[in-house]
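In: Sequence and predicted structure below; questions after.
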Amino acid sequence: MKAAVWHGAKDLRVEDVEEPVVSNHEVKVKVKWCGICGSDLHEYLAGPIFIPAEEPHPISKDQAPIIMGHEFAGEVVEAGEGVSKVNVGDRVAIEPILAPHANGRYEDEKYNLSDSLGFHGLSGGGGGFSEYTVVGEHMVHQLPEELSYEQGALVEPAAVALHAVRQSSLKAGDSAAVFGAGPIGLLVIEALKAAGASTIYAVEVSASRKKLAEELGAYVIDPTDADPVEEIKRLTNGGIDVSYEVTGIPDVLNQCINSTHNGGESVIVSIWESEASIQPNDLVIKEKTVKGIIAYRHVYPAVMELMKQGYFNGDKLITNKIKLDQVVEEGFEQLTEDKSQIKILVKPE
């Protein structure tokens, strides 16, 4: 079968690999659609980050080169012994977290905080940029009939956004700001709407992304036109309740922190390629909180229920669909060069 295999930074190859086989409590999935994630782009441009390059990952037992792709949905075509959660023919979205598991279940309540955290499609074990992949039954969630496979490929990034909002201190009626209106930032805006935020500000420079943020209900601030911190403070009479950093840019992190009112909270959603510095007094003197989140846990069912209500709509977020053979030029390179692209889906067939 064909798969997109990461060999190194800027070295992603579509090549023939062996088709995987199932073991106990595993299912084989025929991948229908797989999204290109910001984390994938980080690995392509500056990896390895999550990719195990120096030694095998403790869960997958794999080491680079590895198959990429972790935002995907597909059809169960084979089930191993002991599988009871799904049946052959079921349509499923994949929760790709690699963490300790046994008998078809994650072992830890907060499995996304495992010291051995990895991701199927980033840390070995196969991936969604392939015709077939094998995952543990604890990683599969049945897609409701109302949701397409394309929508199923958005469950994973939407889970990141929903988890970020759930883990923050935001309450219904609070104000919020999202710094960066890329794919995850736009999904955070949607999650904030679902959570009852009264006013949502989006800080973004890309014209197409500003337009989409506005369509989703955010008040957009272009940092090239006005200082976003001063503008948010002016509009809110002192600052917002909770801010979300979704760019991975050091200067933006400081803007995110300084945009909240005294006692406010900032949530870091980004994965970072380098270090960032802050002035601790910005937190200490004003009793602010900075919180980090990684991935998600126990939110896939809620994400799919919200999708059934119209949230996280793929019609707004999916900007291109390509074939696996096009994944480098029309996928990764396109996302690097063209910021009008939001979410590109790849069809491995």
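Out: Ah, there it is.
In: which stretches of the stretch 51-200 of the chain form helices?
Out: 149-152, 155-167, 183-195 (DSSP state H, counting those that start in this stretch).
In: Then the stretch 201-349 of the chain?
Out: 207-215, 228-236, 250-258, 281-284, 300-308, 314-317, 333-337.
In: CA atoms of the third one as PDB?
Out: In this case it means helix 250-258. Extracted in PDB, the C-alpha atoms of helix 250-258 (Å, rounded to 0.1, in the frame of the first residue of the first chain):
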ATOM      1  CA  PRO A 250       7.100  34.500  21.200                       C
ATOM      2  CA  ASP A 251       5.900  38.100  20.800                       C
ATOM      3  CA  VAL A 252       2.300  36.900  20.500                       C
ATOM      4  CA  LEU A 253       2.600  35.000  23.800                       C
ATOM      5  CA  ASN A 254       3.400  38.200  25.600                       C
ATOM      6  CA  GLN A 255       0.500  40.000  23.800                       C
ATOM      7  CA  CYS A 256      -1.800  37.200  24.900                       C
ATOM      8  CA  ILE A 257      -0.800  37.500  28.500                       C
ATOM      9  CA  ASN A 258      -1.000  41.300  28.600                       C
END
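In: Could you list the buried residues of that helix?
Out: Of the residues in helix 250-258, those buried by neighbour count under the rule 16 or more other C-beta atoms under 10 Å are 252-258. Yep, even glycine has a C-beta here, placed from its N, CA and C like the rest.
In: Need those residues in CSV (columns: distance to V92).
Out: Output for the buried residues of helix 250-258, formatted as CSV (distance: C-beta to C-beta, whole Å):
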residue, distance to V92
V252, 36
L253, 36
N254, 41
Q255, 39
C256, 35
I257, 39
N258, 43
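In: circling back: can you lay out the helices of the stretch 51-200 of the chain as TSV showing distance to S206 and mean neighbour count?
Out: Supplementary listing: these in TSV, determined by distance: least, C-beta to C-beta, whole Å; neighbours: other C-beta atoms under 10 Å:
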stretch	distance to S206	mean neighbour count
helix 149-152	23	23
helix 155-167	18	25
helix 183-195	11	25
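In: re the thing from before, kindly compare burial across the helices of the stretch 201-349 of the chain and name the winner.
Out: Comparing the helices of the stretch 201-349 of the chain by mean neighbour count (mean count of other C-beta atoms under 10 Å), helix 250-258 comes out on top with a mean of 20.
In: what packs against it?
Out: Judged by 3 or more C-beta pairs under 8 Å, 6 or more residues apart in numbering; DSSP states H and E, the packing partners of helix 250-258 are strand 175-179, helix 228-236, strand 240-245, strand 260-268, helix 281-284.
In: can you redo the ones you listed as CSV with mean pLDDT?
Out: Shown next, in CSV, are the helices and strands packed on helix 250-258 (pLDDT from 0 to 100):
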stretch, mean pLDDT
strand 175-179, 98
helix 228-236, 98
strand 240-245, 98
strand 260-268, 98
helix 281-284, 96
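In: Minimum distance to L122: which of those has it?
Out: Proximity to L122 (C-beta to C-beta) singles out strand 260-268 among the helices and strands packed on helix 250-258, at 19.1 Å.
In: Tell me the buried residues in the helix or strand harbouring K30?
Out: Using DSSP states H and E, K30 falls within strand 26-35. Applying a neighbour-count criterion of 16+ other C-beta under 10 Å, one finds 26-29, 31-35 buried in strand 26-35.
In: What is the helix or strand just after that strand packed up against?
Out: Next helix or strand after strand 26-35 toward the C-terminus (DSSP H and E): helix 38-46. Contacts defined by 3+ C-beta pairs under 8 Å, 6+ apart place helix 38-46 against helix 333-337.
In: that older thread, need the helices of the stretch 51-200 of the chain in CSV (columns: distance to A79 and mean pLDDT).
Out: Shown next, in CSV, are those (distance: least, C-beta to C-beta, whole Å; pLDDT from 0 to 100):
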stretch, distance to A79, mean pLDDT
helix 149-152, 18, 98
helix 155-167, 21, 98
helix 183-195, 31, 97
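In: Where does the prediction get shaky in this structure?
Out: Counting by pLDDT under 70, the chain contains no low-confidence range.
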